[in-house]
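Participant: The sequence and its predicted three-dimensional model are supplied below.
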Amino acid sequence: AIFVFGLGGVVSFVLVRDAIQRETDWELINDLRYTTRLIEQGVEAAHLQSRKTHITPLDGSKVWHRDSIFTDTLIYLKRTQQLESFRKLSVTRPINDQFYSIEIVNIIFEQDDIFEVVSQIILRLFLFMIFALFIGSILISKQLLLPFQQLLQSIEQFSLKSDKVFPLPKTNIREFKQLNSFLGRMTQKARNDYQTLKEFTENASHEMQTPIAIAQGKLEILQQREDI
């Protein structure tokens with residue numbers, strides 16, 4: 001579980017980071033379209049200047065065509081009094097016979113923030129899974145291991161001297177079926193061996209009684225002699 005959740009956390013972090021970056025780039029493109037449309041409608045570029053938007057009219061001699069370029073940058077914010085991560089879109093566009101250099105920025109989640117959020121989610125899921133497994137093991141294991149408990153009770157009550165059939169609990173679990181089959185053969189073989197040994201002992205005892213009786217009779221005769 002630690003391995004799976006650890007790997008899942010890394011994958012989640014990468015996916016969330018990429019998703020945020022795509023959404024941020026999409027917002028920047030929308031802002032660029034909106035800004036371009038306002039300039040086309042006659043709004044002065046100076047009126048559109050803001051903390052997030054920087055527009056610079058270009059002279060004809062300084063114009064070069066530049067595709068949309070997305071970059072990461074750091075900007076100091078007075079509100080937080082520290083550098084924050086921003087996504088910047090830089091592009092050169094001809095609008096109403098005039099070229100403009102447009103730069104638009106938008107704040108993005110820092111990787112530390114993304115890491116913290118993903119870590120909290122993964123940790124909570126991990127703890128929930130551990131709790132669910134703990135409860136499930138208590139509620140389910142009794143039912144799953146019931147045939148095994150019954151088999152242990154049968155083994156404790158098993159006796160070689162008894163002719164009672166060895167009870168095997170019914171189960172649908174393959175491993176328990178294999179265990180039942182093995183124990184059934186083993187107990188039957190043990191009883192057969194015990195019965196064979198018992199018969200041999202009885203026969204040996206019966207065969208030894210006759211010579212012992214003869215020897216005992218001769219000893220009694222010897223004891224009655226006066227010269228012994």
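Facilitator: Great, that's in hand.
Participant: Excluding covalently adjacent residues, which one is nearest to Gln150?
Facilitator: Leaving aside its sequence neighbours, Gln150 sits nearest to Pro169 (Cβ to Cβ, 6 or more residues apart in numbering; 3.9 Å). Any C-beta I mention is one placed from the backbone N, CA and C, and that applies to glycine too.
Participant: pretty sure the one you found is in a strand, no?
Facilitator: No - per DSSP: H, G, I helix; E, B strand; the rest coil, Pro169 lies outside any strand segment and is coil.
Participant: For it, give me the backbone phi and psi.
Facilitator: phi -70, psi 150 (degrees, to the nearest 10).
Participant: any low-confidence regions in this structure?
Facilitator: 60-67, 80, 109-111, 228 (pLDDT under 70).
Participant: if you go through it in chain order, where are the helices?
Facilitator: 2-40, 111-144, 146-157, 174-224 (DSSP state H).
Participant: burial of Ile140, as a residue count?
Facilitator: 11 (other Cβ atoms under 10 Å).
Participant: I'd like to know how far Phe128 sits from Ile121.
Facilitator: 11 Å (Cβ to Cβ, to the nearest Å).
Participant: Specify which residue of these two has the higher count of neighbours.
Facilitator: Ile121 (14 against 10).
Participant: pretty sure the more buried one is touching Phe13, no?
Facilitator: No - Ile121 is beyond contact range of Phe13, at 10.2 Å (criterion: Cβ atoms under 8 Å).
Participant: How about residues contacting stretch 155-173?
Facilitator: Residues outside stretch 155-173 that contact it (Cβ atoms under 8 Å, 6 or more residues apart in numbering): 144, 146-147, 150-151, 154, 176-177, 180, 183-184, 187-188, 190-191, 194.
Participant: measure that stretch end to end?
Facilitator: 19 Å (Cα to Cα, to the nearest Å).
Participant: Which strand runs longest in this structure?
Facilitator: strand 82-95 (DSSP state E).
Participant: List the strands paired with that one, with their directions.
Facilitator: strand 69-77 (antiparallel), strand 98-107 (antiparallel) (DSSP bridges).
Participant: Next, the angle helix 111-144 makes with it.
Facilitator: 110 degrees (axes from the mean of the first three to the mean of the last three Cα atoms, to 10 degrees).
Participant: Check which residues of strand 82-95 are buried.
Facilitator: 85-93, 95 (16 or more other Cβ atoms under 10 Å).
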